[in-house]
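A.B. asks: Here you go, sequence then predicted model.
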Amino acid sequence: YSTSYRKPKDTRTWGERVRRQHEHWKDLMPSIIEAYLAWRYPSPSAQTSSPNPLASDDNPEDIEIAVVDIYDLLRTKTIPAPAERSVAEALVSAGYLCSTPIKPRLAISLQTLELLRCVRLFKPSFSIEAFAKLVCHYYCLPYRRTYRNALSDAFDIYLAILRAIDKRVLGALGRDTPDWRVLNACPACCYKLRDEPERPFSRMYCMDGNNSLKRMRPLGGRKIGDARVFEESDYFLPQSFADRFANEVRSRPQQNSGAGMASSDMMDIDDPPPLAPQSEGDPTDGAGGVDSLCTKNWKAAQSDEKKRSWDIFEETGIFASACRHGLILWLVDMVRSGELARYPLAIVAKVLDVLGERMIGGYDVGCSFLSTVQHSSLGPRFAELHSRLCVNSFHGYSHDYSCQVNFHPTFIKGMGIEDLETMERIFSSSNQLASVIRYATAYRRRVLIDLFFQQWDIEKYLNLGKMLFDNYHQALDIIKELEIVVTEGMKSLGVTAADLERFAAEERAYLGLLGKETPEDLHEIAYVETLQEYRSLARTNRRFFAIDTTTGTATAEISFMPPQSGPTDYDKETARTRKLETATNKILTDRKYLENRKRELTLQVADFEVLLGVSTTWQPSDPAYIRVAKYIATRKYQQALSNLQRLIVQRLFELHKLNLAQTGYRMRRNIAKNMQTRSRAIWNAIATYNTAAAALDPPRPKVDWETVSHYQFLEEFDLLNETRADVRDKPWAQPAVRELARVSHRLAGARDELVQVHIEARRVHTSIRDEDLHLGLLLSRLMRQRDPIHGAVLDYATRRRAANAHVLMWLKKLYQLPQFGGDPTPGTRISSPEVACIDHTDVGVESIPQPLTEASEDEERQTEMHVGDDDEDEDVQDQLTMLSEFIGNLTV
């Protein structure tokens with residue numbers, strides 16, 4: 001048998017070829033999986049008794065096929081006749097995988113495909129084309145696209161084989177039930193023990209959208225040849241599930257930054273025009289009413305994305321969620337849209353259905369999204385399960401201070417020192433996939449994303465012990481630094497912890513009423529503004545209709561050209577006539593407008609006086625008129641201050657993004673350009689602010705560019721916003737008390753983090769002990785039953801035990817800290833389905849391995865040698881954390 005034959009002309013379309021090839025592979029997959037297991041995990045008896053399948057004599061029925069093997073660089077291979085088996089199955093038994101199941105001409109070694117898989121696990125941006133060029137380089141061949149296509153097709157089948165085997169392994173482990181991964185993958189979150197203290201929140205999670213993992217849609221109305229759908233991942237939520245929430249939130253047009261702020265000087269010149277109403281809204285549109293400053297800042301940050309045309313993309317990114325330890329919960333594809341409300345609503349719905357009560361989720365616009373959830377179909381169940389939403393630490397500093405005291409993690413009891421900025425770290429890594437999936441098919445895009453997040457979860461689990469150790473160590477450092485500061489501060493200021501709690505409650509109540517105006521206030525403001533316009537119009541009227549006492553003519557009298565004698569220049573005279581006609585028409589138009597406007601204002605004044613019950617028209621010297629006029633000046637000042645705050649917040653975020661790792665050159669250039677534009681907008685905002693500040697009584701101090709460009713104490717904006725009620729005499733408004741309250745919140749969070757780590761460390765320790773027992777019992781049973789899946793389970797157990805040893809090494813370091821106050825012994829899980837599903841009577845005690853309760857000395861030495869490397873690998877995460885803490889120290 002030979003694979004050398006003349007290739008006939010293929011008249012089938014690409015879609016037909018892909019569909020038929022997929023159907024052939026589907027029929028052969030069960031036998032190929034068994035062949036792979038026999039090749040990858042051969043039994044000892046097969047290794048000793050079976051002859052080498054490649055050592056047979058010449059047989060005309062044998063298969064000679066071109067091969068690719070980067071390890072031995074063979075070009076052809078002779079495979080024994082498949083007998084009753086298919087050619088594809090015979091190749092897999094020999095360690096090769098063909099790219100097509102019918103009449104293959106090329107086969108790639110399984111070791112080569114495994115090398116490609118491992119490279120892509122740790123370097124997601126490494127493309128198959130690059131690997132094909134590498135293979136061609138080793139084979140001393142010019143690169144041809146045929147090799148890339150063959151590698152890509154074979155790699156798809158290889159991953160399908162591994163997924164099927166992983167599914168069987170999970171089935172043997174008892175981990176194939178719906179939502180098992182979400183409920184058990186992170187033992188620090190899920191492995192609840194008996195007699196552990198009750199916490200305010202049973203689990204913390206975070207969610208956010210990212211538009212890097214986009215995929216181009218076919219242009220020109222072309223059909224996609226590869227119509228396969230990847231539905232084997234338990235990360236992705238079905239699109240139909242997210243579509244259930246498509247009509248729950250209606251879009252609202254963007255609002256101006258404040259009433260009376262229509263001047264172009266007050267608007268950021270980089271802002272887009274208000275969007276036209278759309279059928280579906282974003283996560284901030286569900287509450288209704290006037291947008292808060294938090295919502296406006298978020299919409300401004302999203303404006304650049306809204307300017308782009310999503311029509312060229314099929315999937316425009318993903319909306320993802322993860323627990324506080326970084327393990328992924330669910331993903332949702334964003335299809336031909338930006339960050340719509342349906343995507344976070346779908347995540348919240350799954351959280352409520354699967355994770356249960358007392359959940360708290362972090363979202364960069366969690367304050368506004370909370371109202372959206374409450375007004376959606378999820379609202380009653382959300383309240384029934386006592387769920388909460390908050391903002392992430394770094395994003396929270398762009399929100400109103402009145403929002404921060406209610407939604408920022410620093411002010412929420414039970415959150416410790418958690419920042420919930422996990423999604424930023426995840427997206428910083430997943431962005432590497434963007435270059436290889438932008439033009440991929442929908443099937444391959446999801447396959448690669450699923451593969452990436454599987455490896456991400458493995459690495460986050462491996463880092464679990466170190467994360468707990470680092471959090472505990474950081475909390476101890478905070479306590480050591482701030483405990484004395486708080487104690488001495490309370491003594492010097494004569495306040496107690498109870499006083500600080502009372503001050504915080506008063507501040508929240510004050511900020512809750514900050515800037516709110518009653519209908520009576522608004523009516524009085526409109527009445528006085530109408531009177532001011534009426535009097536200004538009256539002065540203009542007097543100027544237009546004033547009579548000159550010396551001449552007895554009106555000062556705005558229409559002019560006539562004097563008669564001319566002698567020669568006449570008709571061009572000049574025509575020009576003069578036109579100028580006089582223009583001036584006359586303008587005077588007549590202005591007079592008509594002033595008369596009409598005067599009648600309208602007269603009617604409006606009369607209406608307001610009836611509405612307010614005013615019997616005599618207010619005069620500028622009346623106390624009520626003076627009070628409202630003063631408040632109008634204050635109101636303009638508040639609007640100018642809010643606009644300046646918005647521009648400063650955006651500038652801070654752009655400065656952060658400009659220096660964030662893995663920000664591309666084009667993005668840096670665009671950000672720098674936008675910062676220059678925003679700087680000009682800040683100059684205009686400063687001028688408007690100074691004008692409004694000078695109109696106050698007493699006037700507010702002016703600001704200049706040098707001061708504002710370094711301004712970072714954002715909460716001072718809100719303290720200055722309210723001038724009707726003087727807060728300077730309130731205890732909580734004093735700088736010393738505010739600083740003491742800030743460090744007190746930080747200290748309380750650190751102490752709370754210690755309690756959280758005590759609980760989570762014992763959960764992880766117990767989970768590792770129970771899992772080791774479970775793996776030992778299962779392996780003993782599979783070996784006794786000679787189950788073909790035994791080798792795959794053993795491979796899984798070997799890697800899992802190595803990871804557990806690494807985690808336990810960090811837990812041991814945690815337990816050895818002199819300040820450690822938790823229980824260093826494992827506990828008992830409330831329910832342990834894995835251990836319960838093993839028949840203990842079936843397995844002798846001597847066959848059960850000892851529980852893995854401590855790491856080996858080699859593991860400890862290796863970890864100590866590479867601590868510096870671990871720190872270097874986490875530079876991106878450390879940069880974001882350090883920046884968040886830096887701004888937190890300034891603004892909270």
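C.D. replies: Happy to help now that I have it.
A.B. asks: which SSE is residue 763 in?
C.D. replies: helix 735-785 (DSSP states H and E).
A.B. asks: Packing partners of that helix?
C.D. replies: Judged by 3 or more Cβ pairs under 8 Å, 6 or more residues apart in numbering; DSSP states H and E, helix 735-785 is in contact with helix 145-173, helix 187-190, helix 464-493, helix 497-512, helix 790-815, helix 833-836. (Each C-beta comes from the backbone N, C-alpha and C, glycine too.)
A.B. asks: Tell me which of those helices sits most buried.
C.D. replies: Most buried of the helices and strands packed on helix 735-785 by mean neighbour count (mean count of other Cβ atoms under 10 Å) is helix 187-190; its value is a mean of 22.
A.B. asks: which helices and strands does that helix pack with?
C.D. replies: strand 203-210, helix 464-493, helix 735-785.
A.B. asks: would you turn the ones you listed into a markdown table with distance to residue 65?
C.D. replies: Shown next, in a markdown table, are those (distance: least, Cβ to Cβ, whole Å):
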| stretch | distance to residue 65 |
| --- | --- |
| strand 203-210 | 43 |
| helix 464-493 | 46 |
| helix 735-785 | 34 |
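A.B. asks: In this structure, which strand is the longest?
C.D. replies: strand 313-323 (DSSP state E).
A.B. asks: tilt between the next helix-or-strand element following that strand and strand 313-323?
C.D. replies: Following strand 313-323 in sequence order, the next helix or strand is strand 328-335 (DSSP H and E). Relative orientation of strand 328-335 versus strand 313-323 (axes from the mean of the first three to the mean of the last three Cα atoms, to 10 degrees): 160 degrees.
A.B. asks: How far away from the center of its chain is the very next helix or strand once past strand 328-335?
C.D. replies: Downstream of strand 328-335, the first helix or strand assigned by DSSP H and E is helix 342-350. In terms of Cα atoms, centre = their mean, to the nearest Å, the centre of helix 342-350 is set 14 Å apart from its chain centre.
A.B. asks: Now helix 342-350: average pLDDT?
C.D. replies: Mean pLDDT, helix 342-350: 94.
A.B. asks: on that earlier part again, adjacent strands (with direction) for the longest strand of the chain?
C.D. replies: According to DSSP bridges, strand 313-323 has the following sheet partners: strand 203-210 (antiparallel), strand 215-216 (antiparallel), strand 328-335 (antiparallel).
A.B. asks: would JSON lines of the ones you listed with distance to residue 180, mean pLDDT and mean neighbour count be doable?
C.D. replies: Output for these, formatted as JSON lines (distance: least, Cβ to Cβ, whole Å; pLDDT from 0 to 100; neighbours: other Cβ atoms under 10 Å):
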{"stretch": "strand 203-210", "distance to residue 180": "16", "mean pLDDT": "93", "mean neighbour count": "25"}
{"stretch": "strand 215-216", "distance to residue 180": "29", "mean pLDDT": "89", "mean neighbour count": "17"}
{"stretch": "strand 328-335", "distance to residue 180": "13", "mean pLDDT": "94", "mean neighbour count": "23"}
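A.B. asks: re earlier: what angle separates the longest strand of the chain from helix 342-350?
C.D. replies: Using the same axes, to 10 degrees: strand 313-323 against helix 342-350 is 40 degrees.
A.B. asks: so where do the helices sit in the stretch 51-200 of the chain?
C.D. replies: Counting by DSSP state H, counting those that start in this stretch, the stretch 51-200 of the chain has helices at residues 87-93, 110-122, 128-139, 145-173, 180-184, 187-190.
A.B. asks: Same check on the stretch 551-700 of the chain?
C.D. replies: Using DSSP H, counting those that start in this stretch, helices in the stretch 551-700 of the chain cover 570-612, 623-658, 665-694.
A.B. asks: Among the ones you listed, show me which one is buried the most.
C.D. replies: helix 623-658 (a mean of 19).
A.B. asks: Quote the end-to-end distance of stretch 186-197.
C.D. replies: Length of stretch 186-197, first residue to last, Cα to Cα, to the nearest Å: 19 Å.
A.B. asks: Show me what that stretch is in contact with.
C.D. replies: Contact with stretch 186-197 is made by 183-184, 203-204, 323-325, 327, 461, 464, 468, 755, 759-764, 766-768, 827-830, as judged by Cβ atoms under 8 Å, 6 or more residues apart in numbering.
A.B. asks: And those residues, which of them are buried?
C.D. replies: Neighbour-count burial (16 or more other Cβ atoms under 10 Å) applied to these gives 184, 203-204, 323-325, 327, 461, 464, 468, 755, 759-764, 766-768, 827, 829.
A.B. asks: follow-up on the earlier one: the helices and strands packed on helix 735-785: which one's closest to residue 400?
C.D. replies: Nearest of the helices and strands packed on helix 735-785 to residue 400, taken as Cβ to Cβ: helix 497-512 at 8.0 Å.
A.B. asks: where in the stretch 251-400 of the chain is pLDDT low?
C.D. replies: 252-279, 286-310 (pLDDT under 70).
A.B. asks: The same query, at a cut-off of 50, please.
C.D. replies: Residues of the stretch 251-400 of the chain that meet the criterion pLDDT under 50 lie in 255-277, 307.
A.B. asks: Okay, helices next: where are they in it?
C.D. replies: Going by DSSP H, counting those that start in this stretch, the stretch 251-400 of the chain shows helices at 293-307, 342-350, 366-374, 379-384, 393-396.
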